[in-house]
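1. Sequence first, predicted model second:
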Amino acid sequence: TQLLEQSPQFLSIQEGENLTVYCNSSSVFSSLQWYRQEPGEGPVLLVTVVTGGEVKKLKRLTFQFGDARKDSSLHITAAQPGDTGLYLCAGGSARQLTFGSGTQLTVLP
Amino acid sequence: KAGVTQTPRYLIKTRGQQVTLSCSPISGHRSVSWYQQTPGQGLQFLFEYFSETQRNKGNFPGRFSGRQFSNSRSEMNVSTLELGDSALYLCASTGTSGYTGELFFGEGSRLTVL
C-alpha cells in the first residue's frame, strides 16, 4: 500500500509570510498531484508533476517533485488570505488516487 | 461546461438504514470515482467505474457498493449504516482513460448517521 504523509498538518501564518508544505512517501510515484480544497467544496487540482526533479511555478506557488519521485513540496510566497484552504497531495493513477492527510493552511490578514 | 453534480448535498440517516448517493459527471467524461473524506482518515478511495464497469475498488466493506449507467451517471449505496459512515462522499470524473489526467470533483454529499 502506498502511503503519503504530509507535514505540517496545520499551519497558521500572517499575510505576506512564506511557507512550505511537504509530502513524503516510501514509495515511488509516477506522478504526484496537488489539490486545494475549500470548505463546502471538492478538491481542485493545482498542478501535476511527473518528472523527478521537476519544478513548476504557478504564480506565487512553486511545486517540486523529488529526484527519486518519492516526495514533493509546495512553497507559497507572500501568502494571502485567499490561499486559505486544505492542501492535499495525491499519487497514483487517475483510476485510484492515494491522498495525503492534508495540510490545513490559514492565512490571517 | 457544467461541473460534476452530486445529490443530495446533505442528508441525515439513522444506524441500520441505507443510503443512495448520485453523481452526474462532466459531459463526455466516462470515468467516475468515489472517495470518502473524514477528519480522521482523510480522503480514501472507494471505487472507480468506466463504461459501466467497476475497474478498481478500495478497501471498504461490502456494505459499500456502486454502479454506473450507460450515460456515465453513477450511484453509490451504503447499506446497514454505521455511525462511522458519517463522512463527506466525493465523486470525481475524468475525461482520460484513467492513468493520467485531472480529476474533477463535485461538492460532495455530506452524510450524517445518528
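-> On my side now, so go ahead.

2. Bridged to the closest residue to chain A within chain B, which residues?
-> Relative to chain A, the nearest point of chain B is B:Phe105 (2.9 Å; C-beta to the nearest C-beta). In short, each C-beta sits where N, CA and C put it, glycine included. Counting by DSSP bridges, B:Phe105 forms beta bridges with B:Ala92.

3. Surely it and B:Cys91 touch.
-> Yes: at 7.2 Å, B:Phe105 counts as touching B:Cys91 under the criterion of C-beta atoms under 8 Å.

4. Among the two, which residue is more densely surrounded?
-> Under the criterion of other C-beta atoms under 10 Å in any protein chain shown, the comparison of B:Phe105 against B:Cys91 puts B:Cys91 first, with 30 against 23.

5. Who are the contact partners of that one?
-> Contact analysis of B:Cys91 by C-beta atoms under 8 Å, 6 or more residues apart in numbering or on different chains lists B:4, B:6, B:21, B:23, B:25, B:32-35, B:74, B:76, B:105-106, B:108.

6. Using the three-state scheme, assign the nearest residue to it once chain neighbours are set aside.
-> Spatially, and ignoring its direct neighbours in sequence, B:Cys91 is nearest to B:Cys23 (3.4 Å; C-beta to C-beta, 6 or more residues apart in numbering or on different chains). Assigned with DSSP: H, G, I helix; E, B strand; the rest coil, B:Cys23 falls in the strand class.

7. For residue 10, give me its contacts.
-> No chain in the question, so chain A it is. A:103-104, A:106.

8. meant chain B actually
-> By C-beta under 8 Å, 6+ apart, B:Tyr10 lies in contact with B:109-110, B:112.

9. List the beta-bridge partners for it.
-> Assessed by DSSP bridges, B:Tyr10 has beta-bridge partners B:Arg110.

10. ditto for A:Val21
-> Residues in a beta bridge with A:Val21, per DSSP bridges, are A:Leu74.

11. Count the neighbours of it for me.
-> Residues lying near A:Val21 (other C-beta under 10 Å) number 22.
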